[in-house]
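>>> I would like the atomic coordinates for the input below:
(4 chains)
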Protein chains: 2
Amino acid sequence: MKSDIYLNLRQTKGRDKILDILQKEPVPVDVVHIISHLENEKVNLNQATVYRILEAFSKNGIIKRFEFLEGKFRYEVDKGDHHHFICQICNLVEDISDCNIKEWEEELEKEKGFLVKNHSLEFFGVCQKCQS
Amino acid sequence: MKSDIYLNLRQTKGRDKILDILQKEPVPVDVVHIISHLENEKVNLNQATVYRILEAFSKNGIIKRFEFLEGKFRYEVDKGDHHHFICQICNLVEDISDCNIKEWEEELEKEKGFLVKNHSLEFFGVCQKCQS
DNA sequence: TTAGGTGCAAATGATTTGCAATAAT
DNA sequence: ATTATTGCAAATCATTTGCACCTAA
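Residues are numbered from 1 along each chain as shown, chains lettered A, B, ... in the order given. So this is what the prediction gives:
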């Protein structure tokens, strides 16, 4: 059915399907994951196309790109500002909402039993020089 | 001269040189940057070796790996917990110390004139299940 | 109809690997 | 002497690109 989420993008079977897959994922997934999902469901989509769709979705704010120190990107439908806890052993990924790092780490340890070894935080934006 | 920073690692010319380069860098740099530095100084080090040295340093806590949503790693001598601001336009990287995200973003905007578009924060550690 | 989307095959960029030769302890 | 480290060349993994064809609007 017709969706208005695509903004100025055209609606195609491939896009519908990838969006569908991502909407069902509780955590960011990589391209291999998406492609194997597509194969399971007998959806034929070239991998170059998959990358192009993900790029288009990212640029239009439909999804967000993440990096988990794995040397590759992960993608997730944009659920607003939140973060993740990644288990360095089993690769469990769990959503973290709210914001206050030191407190967080303590809470994560107390409430979830996570042993937080480190975290990565980067800001992205435009510096003063580039705003003019 | 002999250095004790290497712990159980052997001290080699290549390691000394890479450590030297990283110690002089104010921000995390990528492998291309390191290799071109080596070339400038006529230091011959195979790129596979460079990667292996960086891996050894990382595993021994001498340096830290970062990702700036570029699809590659950056490396920095371990200066303890801190973060970075990356300009999406000119790729300026500036250190951020202290911790409190929302406040930070406002401070960054007020004090540095940075326009913060988004930030990435991930925690890494060991989940409860994996601790036992 | 026509600009935007896709497939295919090949290229690129980052990182890793096997194995033999070499150097640090 | 022993074992870690390095060089080399090739492999692998993630992602991108050019170009001709196709399709949603």
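
>>> Show me what from chain A comes close to DNA strand C.
When proximity is defined by CB under 7 Å from any atom of the strand, chain A lies next to DNA strand C at A:9-10, A:12-15, A:44-46, A:48-49, A:52-53, A:56, A:71. In short, each C-beta sits where N, CA and C put it, glycine included.

>>> May I ask which two of these are separated the most?
A:10 and A:71 (32.0 Å; CB to CB).

>>> thinking again about what came up before, what subset of the residues of chain A next to DNA strand C is buried?
The neighbour count (16 or more other CB atoms under 10 Å in any protein chain shown) marks A:14, A:15, A:45, A:53, A:56 as buried among the residues of chain A next to DNA strand C.

>>> and stretch A:46-59, does that touch DNA strand D?
Yes: contact of stretch A:46-59 with DNA strand D (CB under 7 Å from any atom of the strand) involves A:47, A:48, A:51, A:52, A:55.

>>> Would you check how far apart residue A:83 and residue A:91 are?
Distance of residue A:83 to residue A:91, given as CB to CB, to the nearest Å: 16 Å.

>>> More neighbours: which of those two?
Neighbour totals were compared for residue A:83 and residue A:91, and residue A:83 leads with 23 against 12 (other CB atoms under 10 Å in any protein chain shown).

>>> pretty sure the more buried one contacts residue B:121?
Yes: counting by CB atoms under 8 Å, residue A:83 does reach residue B:121; the two are 4.5 Å apart.

>>> on contacts alone, who are the packing partners of the helix or strand harbouring residue A:104?
Element membership for residue A:104, per DSSP states H and E: helix A:101-107. With contacts taken as 3 or more CB pairs under 8 Å, 6 or more residues apart in numbering or on different chains; DSSP states H and E, helix A:101-107 sits against strand A:115-126, strand B:115-126.

>>> For the one helix or strand residue A:36 maps to, buried residues please.
Under the criterion of DSSP H and E, residue A:36 resides in helix A:31-40. Neighbour-count burial for helix A:31-40 flags A:34, A:35, A:37, A:38 (criterion: 16+ other CB under 10 Å).

>>> What does the pLDDT read for the closest residue to residue A:11 other than its chain neighbours?
Excluding its sequence neighbours, the residue lying closest to residue A:11 (CB to CB, 6 or more residues apart in numbering or on different chains) is residue A:3, at 6.1 Å. Predicted confidence (pLDDT) at residue A:3: the value is 86.

>>> Also residue A:111?
At residue A:111, pLDDT is 85.

>>> Determine the number of other residues adjacent to it.
9.

>>> same check, this time on residue A:105
Burial of residue A:105 is recorded as 20 neighbouring residues (other CB under 10 Å).

>>> Can you give me every residue that contacts it?
Counting by CB atoms under 8 Å, 6 or more residues apart in numbering or on different chains, residue A:105 touches A:116, A:119, B:123.
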